[in-house]
Structure formats: structure tokens, C-alpha cells
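Peer 1: turn this into a model:
(chains A and B)
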Amino acid sequence: MGQLTNLLENKQNRLCSVFFSAGFPQLNDTQKIIQDLDANGVDFIEVGLPYSDPMADGETIQYSSAVALKNGINLDLIFEQLKKIKGTVNTPLVLMGYLNQVLKYGEEKFCELCQECGIETVILPDLPMIEYENHYKALFAKYGISNVFLITPQTSDERIHKIDEMTDAFIYVVASSSITGAKGEISQGQIDYFNRIKAMNLKSKLIVGFGISNQSTFDTACEYMNGAIIGSAFINFLREKGTASIDQFVKGIIG
Amino acid sequence: MEPKFQPTKDGYYGQFGGAFIPELLYPNIKELEDNYLEIIYSDAFQKEYKYLLDQYVGRPTPLYLSKGLSKKFNASVYLKREDLCHTGAHKVNNTIGQILLAKHLGKKRIIAETGAGQHGVATATVCALMDLECIVFMGEVDIKRQAPNVARMEMLGATVMPAKSGSKTLKDATNEAIRDWIGNPEETYYLIGSVVGPHPYPDMVARLQAVISEEIKAQLLAQTGKENPDAIVACIGGGSNAAGAFYHYLEEESVELVAVEAAGLGVNSGESAATSQLGEVGVIHGSKTILMQDEYGQIIEPYSISAGLDYPGVGPLHAYLFESKRATFLNATDQEALDAAYELSRVEGIIPALETAHALAALDKMDIKEGQVIVVNLSGRGDKDLETYISNLKQA
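Peer 2: Numbers count the residues shown, from 1 in each chain, chains lettered A, B, ... in the order given. Model (predicted):
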């Protein structure tokens, strides 16, 4: 059983995950960011693989991706950075990137390097379920890699149940901006959505992946779901303050 | 016989195509996939589509035998005059069809991407016609080099949103349109302008542009007694005019299909958009195709003097036509395209779009035999490119 699945078995609520783009703000910050997040109680860390055309990301992550690419980050360097810290951190790592990066790198080579670096979970937002089933499921299984699927308020109950069946790690609960409240708040629309999914009694853990920027939104999300991912808020923090006070950022979210 | 160049039910042409979309867009794509054929081939749709193509767009467009070019190549060179369509290019064939589809699906808000601005203008036009809200994403670089089309879109009531990311051209405008759709999935219809994007867009746009080759067949038969030419030549960025001009000839393997890409400053100059020569298999904008990318799968920013060909991929049908060698892929540089545009202007009194000029330039590179019948799809007119033509003419 994997590190992340173990964690998800043992911790049911207030799971806190933080996303950052590898190679941002500086090329070699990856190691320090992971170690600081690990030391300050983050449950799992999402390492973004910067991509030239991140079509499912908003402005903040487009920015951090562009800076990281300008800094010279690439998949070989990311795997080198991750190999160096393997064994020094206990927090499970999740890789998040786009399918074309995996295709071009070589699907099997990508999986081999994930295995060498101890990565057991990936999120590829532009890999649809049918392509995963037909072309990736067996390969990922061979290397002990779980794929994370996204659900949205538009996803039908039938499809959510299917995703639940195929999920080993967690389901990433996202939404369109049309129901996201003002910055720093959780809207009634989001709460209705959380309640609908909660009522489906899914086997998988549900992690909220949008609109979490402070302790209040984190607390509210955790009342309904198993945990939440902080992405843009952390990138903005790094952009303003650099990597010196990551402990302060994490305390500001989980209290 | 099974057709070789039609997609499978999942939208694959050989290994190319598919629908690589984030889950957020799944319901939208599914809704389209389940309904597009039934809607497009319903009597009500066909009646309205045909009426608008005839009476609003001005179809059928002429098939004109160019005396000047025929003499030069000692052959019969026909020009399919898509430049005479309302709005100045073939793009409107597709927007008329998709706007009727969007209305049928009850969508209230239309978004589109544009490179040269031709698709943006064609979309803004049909939105004005149907009284629908229209937002066009356009790269900042393209907004500058295609100013007349920006003004047109605004006059037609559309909002032009600058795409400020990446190379600030067509691919980035497409990224922004997809992001907008992800953010507004319920009421918004994404009116894609080329045979790119997730299934069913490549097939749907090809079918809506197929009117071009349907007319070529009938017109050639009437004018020459035969419906098949020896070759059909079209320029290709994403590939919508080529798909339309090739469509009814795809399975007729005696007809050579010639796709002409933009070589920019030269295929190997580092400033090019000749995707088939420089690209490898990859996924862009929801489709598996041939794509210009670096060793890590990062998309390489293409270059061409023509904003409409400045795209790092090609539609999946074209990737398959290239891989299977069904089509011949040629290319023309900026300068070759400019020269061809000046030549056509002088010998025929027709100023072509810069995109179209690439197709004309390729005639010099083809092995045209005496007496052959060649059709060039004259996809657009050059009004929007006058500034470029004038400044280069002065330099020449």
C-alpha cells in the first residue's frame, strides 16, 4: 500500500495539501519548499510540472509556470531534485502536469522515474477517463501509480460513481468560477455542491481544489469534505515573500 | 468500401484526434458529440443553413479559370473564390453552421478564438445576425497586425479580449477561449474556427466546410465535363479551408491533395510554422495531432507573416493525411507568399489574403504537367493584409 493511501486511511478530516510549481520562484527552490511544507504539518504536497500551455489553470499558475520555465526547469531536473530529497521527507508527493509532457517524455520512462522518486500519485487534468482506461490504467498500475480524477458541479451522479470506483487515492473536487464566491469566501453555491457530493456516500476521500486561500475557507471546506488543496494563494505568497517564511503561511491556513 | 478518412466514433483518424479535455468540459463536449450529426442533418437545420449560405454568404462561390496562371503553368488553374464570401473568407461557412447549432442547443453566449481575425469577424457577424452575445479572444500580437479586423468585430458588437500569455498569437487565444469555457460551461458555446480541438469539433467543422468541395465537384463537371481535378491546393494552419476543399475528394485517391504550410523565414530558420516538417505527435487544445514542441513537450511558438497560419499544430485529419501520405505537404516562406500575392494581384486583379498566398506560392513547387486541371482554394481576400502588402512593396 502506498504512502498516500495509508495517510488517507488513517486521517479522515482536515487533510491539508499545498500546490507549488517546481522551479518557482527560483530554479532550485523545489527542495526547500517541500522540506518546509513537510516540517509544518502539510499532509501531502502537489508538485506542479510547469507547462507552456496550461489550459486548465488560471492566471496565478500560468505566471508561476512561465517563470519556472524561464528559470530553466524541465522534467529531468524535477526528477533529479525529487531524487535528492527522497527519504528525507515523509509527506507524500503528488505530481500535477499536462498529458503532453508525459507523452513526449515517454510514458514508460515517466512512470519509471516516478517510481524511483517515490511518487505514487499523479494528476493530469487533460487525461480523460476513457483515455486513462484504454491507454494508461495498466501502465500506471505496473508502476504503482494512482491517477486522480476531477469532478465538477456539472459532473453527473453516474459519472461521479464511476470515478469513485476507479479512484485509489482521492477525488479532486473542483468547480467553475461561476459558483465560486468572492475571494476569501465559500459561497452558498459551493456548500450546496459539497452537500450533494457528500450525500452520495462515496468510498473515496474528497479534497476541495478551488477557492481555498485562508483559514476560514479551509475550515469551511473541511466541515463538508475531507480536506482541501491550496494552490494560487501559496504561489502568490511565494511571489511576494519568497521561501523564507513558509511555516507562517501553513500556520495561517491550518491554524 | 469503408471510408478511410472519416473519424471513428471516438473521433480518431488513425492515431490522431480524440478528446483530451479536462473533466470540467466533459458535459459540454458530450452534449455536442451526442447531438451534432442529428442536428446538422435535420431538415430544419439544412433548410436554414442552405438559405443563409445562398442568400447571406453569397454561395455558391465562383470557380474561376485563371488565364494568367493557366498560361504560366501550361495547365488549367482554377480558383475557388471563397474570398468572395460575405466577410471575406471561407470561415463564415462554419460560423453559420455552428451558430445554428448553438441556437438549437439553447446557448446564449458565444466565444471564439481568432488568429488573422477572419474567424473572429465571421463569428461576430453571425452573432449580430442571431442577436447573441459574442466574445472573441485574440492574441495581443495579432490585434496589432490585424487592426482592421479588430475594428470590424467591434463594429459588429463583439467584445475582443486580448490574449496576453505565451506568444500572444492564435494558440494563446485558443487557450484563453478554453479557459473561459471552463469557467462558464453552462450557457456558453465555444465556436471553434478550424478543424482542431476535441472531438467532435474537427469532424463538425470539416462537414460544415465541405460545401467548398461539393461545389467544386459540380462546377468542374459543368465547366470541364469531369468532376475530379488532378490536384487541389490549399493553405493550412489549423486546416479548415483545406479540409473543406479536400472533403469530397478524400476517398478519391486519383486526386492529389496539396496542403501548404507557412515556412515563415524558412523551415529550418527557427522562425517557422511548418508543423508537419517540424512537429511530432502530441496533444494540443484537446486533440492528439502533430505539434511543434521541444524535447520536454513544451509547445514551441510558431512564426509566420500570416496570422492565420501561425499555429503550432494541425487538425487531426490533416495529421493523418500527412502520416498516411494521402496528402502532399508543401510549404512557402513569407517572401514566396508575398511574391505570389503581388503576382495574382497583377495578373488577375485579385488581392488574396496572406494565408491564401501561401497556397498560390506552392504552385511553383509542384510538378504540374501540361494540361492538368489544378484547383487552388482561394480561401480569403487580402483587404485585412493591405498594410503588410504596402510596407513590403515599398521595401521591394
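
Peer 1: what segments of the chain are strands?
Peer 2: Going with chain A. Remark: strands assigned in chain A by DSSP state E are A:15-21, A:44-48, A:93-96, A:121-123, A:146-147, A:150-151, A:170-173, A:205-208, A:227-230.

Peer 1: hm, I was asking about chain B
Peer 2: B:12-13, B:16-17, B:63-65, B:76-81, B:109-114, B:133-139, B:159-163, B:188-190, B:231-235, B:256-264, B:280-284, B:287-291, B:327-333, B:373-378.

Peer 1: for chain A, what is the nearest residue in the stretch 201-350 of chain B?
Peer 2: Here the residue of the stretch 201-350 of chain B nearest chain A is residue B:297; by Cβ to the nearest Cβ that distance is 3.1 Å. All C-beta spots, glycine's among them, are computed from the backbone N, C-alpha and C.

Peer 1: need the contact list for that residue.
Peer 2: A:51, A:98, A:100-105, B:282 (Cβ atoms under 8 Å, 6 or more residues apart in numbering or on different chains).

Peer 1: before we move on, back to that, out of the strands of chain A, which is closest to chain B?
Peer 2: strand A:150-151 (4.2 Å).

Peer 1: and that closest one, what does it pack onto?
Peer 2: helix A:157-166, strand A:170-173 (3 or more Cβ pairs under 8 Å, 6 or more residues apart in numbering or on different chains; DSSP states H and E).

Peer 1: circling back: OK, contacts around the nearest residue to the residue of the stretch 201-350 of chain B closest to chain A once chain neighbours are set aside?
Peer 2: Leaving aside its sequence neighbours, residue B:297 sits nearest to residue A:104 (Cβ to Cβ, 6 or more residues apart in numbering or on different chains; 3.1 Å). By Cβ under 8 Å, 6+ apart, the residues touching residue A:104 are B:280, B:282, B:293, B:295-297.

Peer 1: residue A:58 contacts residue B:180, correct?
Peer 2: No - at 11.3 Å, residue A:58 does not count as touching residue B:180 under the criterion of Cβ atoms under 8 Å.

Peer 1: of those two, who's got more company?
Peer 2: residue B:180 (19 against 15; other Cβ atoms under 10 Å in any protein chain shown).

Peer 1: quick check: bridge partners of the closest residue in space to the more buried one that isn't next to it in sequence?
Peer 2: The spatially closest residue to residue B:180, leaving aside those adjacent along the chain, is residue B:111, at 5.3 Å (Cβ to Cβ, 6+ apart). For residue B:111, the beta-bridge assignment (DSSP bridges) gives partners residue B:135, residue B:190.

Peer 1: residue B:111: neighbouring residues, count only.
Peer 2: There are 24 residues near residue B:111, going by other Cβ under 10 Å.

Peer 1: circling back: and the residue nearest to residue B:297, what's its pLDDT?
Peer 2: The model reports residue A:104 with a pLDDT of 98.

Peer 1: again with residue B:105
Peer 2: Reported pLDDT for residue B:105: 95.

Peer 1: please tell me how far it sits from residue B:219.
Peer 2: 34 Å (Cβ to Cβ, to the nearest Å).

Peer 1: these two: who's more crowded?
Peer 2: A count of neighbours by other Cβ under 10 Å puts residue B:219 above the other of residue B:105 and residue B:219, at 19 against 14.

Peer 1: what's the more buried one in contact with, if anything?
Peer 2: By Cβ under 8 Å, 6+ apart, the neighbours of residue B:219 are B:60, B:62-63.

Peer 1: next up, the contacts around the nearest residue to residue B:260 once chain neighbours are set aside.
Peer 2: Take residue B:260 and drop its neighbours on the chain: the residue closest to it by Cβ to Cβ, 6+ apart is residue B:362, 4.2 Å away. Residues counted as contacts of residue B:362 (Cβ under 8 Å, 6+ apart) are B:233, B:258, B:260, B:330-332.

Peer 1: for chain B, which of the helices and strands packed on strand A:150-151 is the nearest?
Peer 2: So among the helices and strands packed on strand A:150-151, helix A:157-166 is nearest, using Cβ to the nearest Cβ, at 7.4 Å.

Peer 1: for that closest one, packing partners?
Peer 2: helix A:129-131, strand A:150-151, strand A:170-173.

Peer 1: wait, residue A:79 sits on residue A:113?
Peer 2: Yes - at 4.5 Å, residue A:79 counts as touching residue A:113 under the criterion of Cβ under 8 Å.

Peer 1: count the residues that sit near the residue nearest to residue B:304 when sequence neighbours are not counted.
Peer 2: In this structure, residue B:304 finds its nearest non-sequential neighbour in residue B:262, 3.5 Å apart by Cβ to Cβ, 6+ apart. Residue B:262 sits with 32 neighbouring residues when counted by other Cβ under 10 Å.

Peer 1: so for residue B:262, what pLDDT did the model give?
Peer 2: 98.

Peer 1: wait, what's in contact with it?
Peer 2: Contacts of residue B:262 (Cβ under 8 Å, 6+ apart): B:235, B:237, B:272-274, B:302, B:304-306, B:309-310, B:331-332, B:334, B:337, B:355, B:358.

Peer 1: can you do 7 Å?
Peer 2: Contacts here follow Cβ atoms under 7 Å, 6 or more residues apart in numbering or on different chains; on that basis residue B:262 touches B:273-274, B:304, B:306, B:309, B:331-332, B:358.
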